[in-house]
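Colleague: Sequence and predicted model, in that order:
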Number of protein chains: 2
Amino acid sequence: MRVLGIIVEYNPFHNGHLYHLRKAKELVKPDYTVAVMSGSFCQRGEPAIIDKFSRAEIALQNGVDVVFELPFVYALQDAGGFAKGAVWLLEKMNVVTDLVFGSESGNLSFLNKIADVMINQPYPFPEIMKEELKKGYSFPNARKYALMKYFERTGEMNPREVLKIEKSNDILGVEYVRSLKELGSKINVQLIKRVGADEKDKVFKGKFPSATSVRNMIFKGDWSGVSRAVPDSSLQIISRELNEGRGPVTLSQLEEILLAKLRLSSKKELQMLYGFSEGIDVRFSNCALKTGDLEEFFNCVKAKRFTMSKIRRLSLYALFELKQDLIVQCNEKGPQYLRVLGFTNNGRKLLSIVKRKASVPVVSVCSLYKKILSKALKNKEGRFEVDEKLFEHQLRLDIKSTSIHSLLFPSKSERNGERDFRIPPIMV
Amino acid sequence: MRVLGIIVEYNPFHNGHLYHLRKAKELVKPDYTVAVMSGSFCQRGEPAIIDKFSRAEIALQNGVDVVFELPFVYALQDAGGFAKGAVWLLEKMNVVTDLVFGSESGNLSFLNKIADVMINQPYPFPEIMKEELKKGYSFPNARKYALMKYFERTGEMNPREVLKIEKSNDILGVEYVRSLKELGSKINVQLIKRVGADEKDKVFKGKFPSATSVRNMIFKGDWSGVSRAVPDSSLQIISRELNEGRGPVTLSQLEEILLAKLRLSSKKELQMLYGFSEGIDVRFSNCALKTGDLEEFFNCVKAKRFTMSKIRRLSLYALFELKQDLIVQCNEKGPQYLRVLGFTNNGRKLLSIVKRKASVPVVSVCSLYKKILSKALKNKEGRFEVDEKLFEHQLRLDIKSTSIHSLLFPSKSERNGERDFRIPPIMV
């Protein structure tokens, strides 16, 4: 049995995603395809433009058999934490045989080499890295320059090749490979060379659109543009969600909520948060008091060593009170459950296998989570490795973040919370 | 030297307030008049329609010599806590000789009698009170019926007279008298019989408007109505604030901030809050998840035994995390400072006397508060009774609530926070 795993955000699902999905299935010829997908918030530090249930529905209509939610605590981390959470989720299913991901370079041996340096930290890489960070570069940039200098000295690889990992898919790719190695995973990896636009591109470029450009078309109401950029099923569901007042959801709608939260938080409280080191707490406090405009706030806290995505993520850490010790624990123990957002008929068969094999419990009906947890804690088969508190903490954050996401819906009558307890898994 | 104290909200200052102020000064013929005024939020559980500095400015232009801010922790309590904080602030100045307040009944001996019952709790009043509360009445209503039954039994007073304390001024009046007695104050009390509309009336009624009706005229842009309801100086300043984008501020603007806060708070956190007993925590949690509309939320949590003002106040306790133990301590120790919002030339003289006599420090320049606090803690003259932590906690809440108030300004460019640190006392 071959089970293909993919790691996605689908914010929203467009033709580039469809191309990738089909290519991956061509490569692996899987019996089943599972996707690990961000939930209500995405790795760029933004709420997803439509809710996770609809995004799962689109995925299922386009060839994915089961969609699992990447817990909020991983979806909102940098490339390293995001990749680790997603890969670990695939690994904990104990059925996934293959992982396929997009790559700008398309060069797996190259990603492997870099991942090895990151894991083994061979001399003198750590020293070079420290020096680059001291210069004030962002972490990804410092690492890029450090790798170049390292390969220059060792001659292991052409240093200029490293420049290619600037693109987001390769950055993630290195982290996927690294996480698989660290977990001792047997999942087989293949790459698909990306042919579309970069995620960051705000307009069409080449054959496929970027998700950013599709979101911008949706904001502008450019539906002819959207219809050229996404498959029909995606268009239908996006339109349905917007017509019913459940989208588009944007970060700007969090403006008052975020700034109020920061104005009400003490510096002590901010200091406890993940990533709020080196004076970031003071910066966030001061900037939230300086302006009532979210864009101005982001520009105010922006520093050379932080990307804008990181700034947005840090703001969300403050809103959801993601503390340092929680994230450390999450990254040590991995995801504590497999939350099913939806499945196809074919996926249902896989799910029954996963339920028997996985090392964490499957949560299909979220309102039953306490029962599911207590059964897993009894652990009659000795198969589960579950930390009770961490399970609750991770799942409560998925539910809470979804309650905040729905509070941002344009239609007031749709803004009720805890939709996780009311919406059963999508079946396609 | 006679110093008249009055307790006000001026939200906003109207002709009825002017009438009251003039009458009070006629009665007392004071050398100085000081007002204790709510800051950024009012006792109805709403943000003030314009900021505290402008409201102080209007008061100073109309005959008040010094305006002190009633700390947030008292301004947001029910009649008992509000009155206690305000009266205690006047008492701690050690210069106020007279307190005059409005009263629907105009009957001081009657207010005195009720206050005595509340203080001394003579048999069988406590038992009757318990029975009435069990019936599910709101606290003010239960007390009203209990007093009636008590006076019926004792024959001390005509029970039907008690019905008169239904009006907000008499409810507060009883609490003022009660607090003065409890503090052993020597401040002399006089009443002015109110001739205007009730605070609750949404339209003009009789000679004077209610503050609610003036606010409604402002929301509707009925400026000819406003100009008939408020003195010219008040009209000028209200218009200036609105023209500059600093008003009107309404509770509805807190909709997303409040609901987000409640959706993100755990039941455990809510249980720690002041007044969140008897399942109110569960009610608030559930209702915040049920709806994204603030009015619907208030209706959802509304119970027979709570007034709408109380529900709004409880929501603000959640937003500002006012914990049970904080309020208990505040009500045991009283206000820890005298925050000056503004003064006239005449008021400046009084202020220099207050600075020498008061039992808590005067905070005129808020940005210097740490210096002022540490000087008060040294307490060289042995005059001060200050609790360091409580001082900080009370003042930080005044500052924070003002930072949230300004976040609600219509003009984004005016929404910066910590205005307390930038705006010096208003001088008129």
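Modeller: Perfect, I can see it now.
Colleague: Which helix or strand contains A:Gln190?
Modeller: A:Gln190 is located in strand A:188-193, with elements delineated by DSSP states H and E.
Colleague: which other helices and strands contact that strand?
Modeller: Under the contact criterion of 3 or more Cβ pairs under 8 Å, 6 or more residues apart in numbering or on different chains; DSSP states H and E, strand A:188-193 touches helix A:15-28, strand A:98-103, helix A:108-120, helix A:168-183. From N, CA and C alone the C-beta is placed, and that goes for glycine too.
Colleague: Pick the most deeply packed of those.
Modeller: strand A:98-103 (a mean of 24; mean count of other Cβ atoms under 10 Å in any protein chain shown).
Colleague: What residues does the stretch 101-250 of chain A have near chain B?
Modeller: Residues of the stretch 101-250 of chain A found near chain B (Cβ under 8 Å from any Cβ of the partner chain): none.
Colleague: Point me to the residue of the stretch 101-250 of chain A nearest chain B.
Modeller: In the stretch 101-250 of chain A, the residue found nearest to chain B is A:Gly245; the distance is 10.5 Å by Cβ to the nearest Cβ.
Colleague: where does the residue in the stretch 251-400 of chain A positioned nearest to chain B land in three-state SS?
Modeller: Relative to chain B, the nearest point of the stretch 251-400 of chain A is A:Gly292 (2.3 Å; Cβ to the nearest Cβ). The three-state assignment at A:Gly292 reads coil, by DSSP: H, G, I helix; E, B strand; the rest coil.
Colleague: what's the answer for A:Leu4, then?
Modeller: A:Leu4 - assigned by three-state DSSP - is strand.
Colleague: Would you enumerate the residues in contact with it?
Modeller: A:Ala24, A:Lys25, A:Val28, A:Pro30, A:Tyr32, A:Thr33, A:Val34, A:Val96, A:Thr97, A:Asp98, A:Leu99, A:Val100 (Cβ atoms under 8 Å, 6 or more residues apart in numbering or on different chains).
Colleague: cool, and A:Gly184?
Modeller: A:Gly184 touches nothing, counting by Cβ under 8 Å, 6+ apart.
Colleague: on that earlier part again, excluding chain neighbours, give the residue nearest to the residue of the stretch 101-250 of chain A closest to chain B in space.
Modeller: In space, and not counting its chain neighbours, A:Gly245 is closest to A:Ser411: 2.2 Å by Cβ to Cβ, 6 or more residues apart in numbering or on different chains.
Colleague: Specify the helix with the largest residue count in chain A.
Modeller: helix A:388-407 (DSSP state H).
Colleague: quick check, nearest of the contacts of A:Leu4 to chain B?
Modeller: Of all those, the one with the least separation from chain B (Cβ to the nearest Cβ) is A:Val34, at 30.3 Å.
Colleague: now the strand or helix carrying A:Arg356, how far from the centre of its chain.
Modeller: Using DSSP H and E, the element containing A:Arg356 is helix A:345-357. The chain centroid and the centroid of helix A:345-357 are separated by 23 Å under Cα atoms, centre = their mean, to the nearest Å.
Colleague: And for stretch A:98-111?
Modeller: With Cα atoms, centre = their mean as the basis, stretch A:98-111 stands 18 Å off its chain's centre.
Colleague: for that stretch, how far is the first residue from the last?
Modeller: 17 Å (Cα to Cα, to the nearest Å).
Colleague: what does it contact?
Modeller: A:2-7, A:20, A:23-24, A:27-28, A:30, A:87, A:90, A:157, A:161, A:164-165, A:167, A:169-170, A:172-174, A:176-177, A:180, A:187-194, A:198.
Colleague: hmm, try it at 6 Å
Modeller: Defining contact as Cβ atoms under 6 Å, 6 or more residues apart in numbering or on different chains, one finds that stretch A:98-111 is touched by A:4-5, A:20, A:24, A:28, A:161, A:164, A:167, A:169-170, A:173-174, A:176-177, A:187-194.
Colleague: Skip the chain neighbours and tell me the closest residue to the residue nearest the centre of chain A.
Modeller: Chain A has A:Ala75 as the residue nearest its centroid, 3.5 Å off, counting by Cα atoms, centre = their mean. Leaving aside its sequence neighbours, A:Ala75 sits nearest to A:Ser38 (Cβ to Cβ, 6+ apart; 4.0 Å).
Colleague: which residues touch the one you found?
Modeller: Neighbouring residues of A:Ser38 by Cβ under 6 Å, 6+ apart: A:Glu9, A:Leu70, A:Ala75.
Colleague: Apply 10 Å and report the result again.
Modeller: A:7-11, A:44, A:48, A:52, A:55, A:69-72, A:74-76, A:82, A:86 (Cβ atoms under 10 Å, 6 or more residues apart in numbering or on different chains).
Colleague: now A:Glu255
Modeller: Contacts of A:Glu255 by Cβ under 10 Å, 6+ apart are A:Gly292, A:Asp293, A:Leu294, A:Glu295, A:Phe297, B:Glu256, B:Leu407, B:Lys412, B:Arg415.
Colleague: returning to that earlier point: just the buried residues of the contacts of A:Ser38.
Modeller: Neighbour counting by 16 or more other Cβ atoms under 10 Å in any protein chain shown classes A:7-11, A:44, A:48, A:52, A:55, A:69-72, A:74-76, A:82, A:86 among those as buried.
Colleague: Looks like the residue of the stretch 251-400 of chain A closest to chain B contacts B:Gln253 (just checking).
Modeller: No: contact between A:Gly292 and B:Gln253 fails when scored by Cβ atoms under 10 Å: they sit 11.7 Å apart.
Colleague: what's the overlap in contacts for these two?
Modeller: A:Glu256, B:Leu407, B:Leu408, B:Phe409.
Colleague: what sits against the last one?
Modeller: With Cβ under 10 Å, 6+ apart as the criterion, the residues that contact B:Phe409 are A:292, B:50-51, B:241, B:244-249, B:253, B:415-416.
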